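Here is my input, please return the structure:
(one chain, ligands or ions: 2)
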Amino acid sequence: MIRQNLHTHSEWDDGANTLEEMAQAAISAGLTSLGFSVHSYMPFPSFWTIEEARIPDYTRAVHRLRDEFAGTLAIYHGAEWDTLSKMPLDGYDYVIGSIHHIQARGQGSCVDNTPEMTKQYIAELFDGSADAAAEAYFAQYESLAKVEKVGIVGHFDLLTKFDETDHFFDADSPRFRAAAIRAMDALVAANKVFEINTGAISRGYRTMPYPSRALLKELGRRKARITVSADAHAASDVAFGFAEAEALAIDCGFTEVWQFDGRGFVPTPIGGGG
Ligand SMILES: [Zn+2]
Ligand SMILES: [Zn+2]
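Ligands and ions are numbered 1, 2, ... in the order given. Got it, this is the predicted structure:
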């Protein structure tokens, strides 16, 4: 059983609950460690991120909670960072590198906001070519390979968020696959840990986690390091779908997940029923 979640939001960004409520929920869910991964501020106003001025208070609040829960629940101070963010990464226990914002022609768009926005950015920024959008998106992921502080690759194919109902992308097209595999190879070579992210399931957008089964199998073939995380925006979701994600990982050829221990990532066997 997986007893750690490193992908957690709270009232400090776009989560629904306080840090303390998330920690209590983690204990109730049987977790032994919890990492908070606040959304890094962006170079433009964003309702879903922390504001730059609040970072010192966020840090203090997480550290205070870490001390309060010592011996009961290990708490880590993390961040979910976008390549466009200017937020310094020093001082975080670990960093998840995630791309929520796609760039082209000097313009940008969120990739996970609404189906309408997805349709619009493919039309306006990429002349209607979903493959071209995927190439731009995965190129941004590829750039995370060079960012040393980034330990975890967040929701690698987030751009497919609405595809179970809207089918904006063809993940089997040669261009989509080549772009994804190219980014994957760079990130695996840089020894990044890929997350299996259940967040879109708990929020009702998808029935399957990120990355897709096909991409997970490619990761399995490459003996990539993986972790399982909930991308929890509410206390009820702090370990959402972990048993199913573990079963999927086993099905895709994995025998272990990598857990953060306060210093680095260590392997933990899965599938043993423990
Ligand atoms: Zn994210
Ligand atoms: Zn997140």
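
which residues does the closest residue to ligand 2 within the stretch 51-200 of the chain bridge with?
Residue nearest to ligand 2 within the stretch 51-200 of the chain: residue 80 (4.8 Å; Cβ to the ion). Where C-beta positions appear, they are placed from N, C-alpha and C, glycine not excepted. For residue 80, the beta-bridge partners are residue 39, residue 96 (DSSP bridges).

just checking, it touches residue 96?
Yes - Residue 80 is within contact range of residue 96, at 4.5 Å (criterion: Cβ atoms under 8 Å).

Compare these two and say which one has the larger neighbour count.
residue 96 (28 against 25; other Cβ atoms under 10 Å).

contacting residues around the closest residue to residue 241 other than its chain neighbours?
The shortest distance from residue 241 to any non-neighbouring residue, by Cβ to Cβ, 6 or more residues apart in numbering, is to residue 198 (3.7 Å). Residue 198 sits next to 209, 228-231, 240-242, 244-245 when contact means Cβ atoms under 8 Å, 6 or more residues apart in numbering.

what about the closest residue to residue 25 other than its chain neighbours, how many neighbours?
Closest residue to residue 25 apart from its sequence neighbours, by Cβ to Cβ, 6+ apart: residue 235 at 3.7 Å. Neighbourhood size, residue 235 [other Cβ under 10 Å]: 21.

Surely residue 235 and residue 21 touch.
Yes - under the criterion of Cβ under 8 Å, residue 235 makes contact with residue 21 at 4.9 Å.

Now list whatever residues contact both of the two.
Counting by Cβ under 8 Å, 6+ apart, residue 235 and residue 21 have no contacts in common.

Tell me how far the most far-flung residue of the chain relative to its centre lies from residue 100.
In the chain, the residue that sits farthest from the middle, by Cα atoms, centre = their mean, is residue 127; the gap is 28.2 Å. Look at residue 127 and residue 100: by Cβ to Cβ, to the nearest Å, they are 22 Å apart.

could you pull out the helices for this protein?
Under the criterion DSSP state H, helices of the chain are mapped to 19-28, 55-68, 115-126, 130-143, 163-166, 174-189, 199-202, 213-221, 242-251.

For residue 7, find the nearest of those helices.
helix 199-202 (7.2 Å; Cβ to Cβ).

Can you pull out the residues in contact with the closest one?
So helix 199-202 is contacted by 7, 155, 161, 206-210, 229-234, 236-237, 240-241 (Cβ under 8 Å, 6+ apart).

Among the residues you listed, name the buried ones.
Buried by 16 or more other Cβ atoms under 10 Å: 7, 155, 161, 206, 208-210, 229-234, 237, 240-241, out of those.

Pick out the most distant pair among the residues you listed.
Spanning the widest gap among the buried ones among the contacts of helix 199-202 are 208 and 234, at 20.0 Å by Cβ to Cβ.

my guess is residue 37 meets residue 8, correct?
Yes - the pair residue 37 and residue 8 qualifies as a contact (Cβ under 8 Å) at a distance of 5.9 Å.

Return the distance of the closest residue to residue 63 other than its chain neighbours relative to residue 35.
In this structure, residue 63 finds its nearest non-sequential neighbour in residue 77, 6.5 Å apart by Cβ to Cβ, 6+ apart. Between residue 77 and residue 35 the computed distance is 8 Å (Cβ to Cβ).

Find the residues that touch each one of these two.
Counting by Cβ under 8 Å, 6+ apart, the common neighbours of residue 77 and residue 35 are residue 93.

quick one, which of those two is more surrounded?
Taking other Cβ under 10 Å, residue 77 and residue 35 do not tie; residue 35 has more neighbours (24 against 20).

low-scoring pLDDT stretches of the stretch 51-200 of the chain, where are they?
Residue ranges of the stretch 51-200 of the chain with pLDDT under 70: none are present.

So residue 215 versus residue 51, what's the distance?
Separation of residue 215 from residue 51 (Cβ to Cβ) stands at 34 Å.

Who has more neighbours out of the two?
residue 215 (20 against 12).

Would you quantify the distance from that one to residue 209?
Applying Cβ to Cβ, the value for residue 215 to residue 209 is 11 Å.

Kindly report the same for residue 106.
33 Å.
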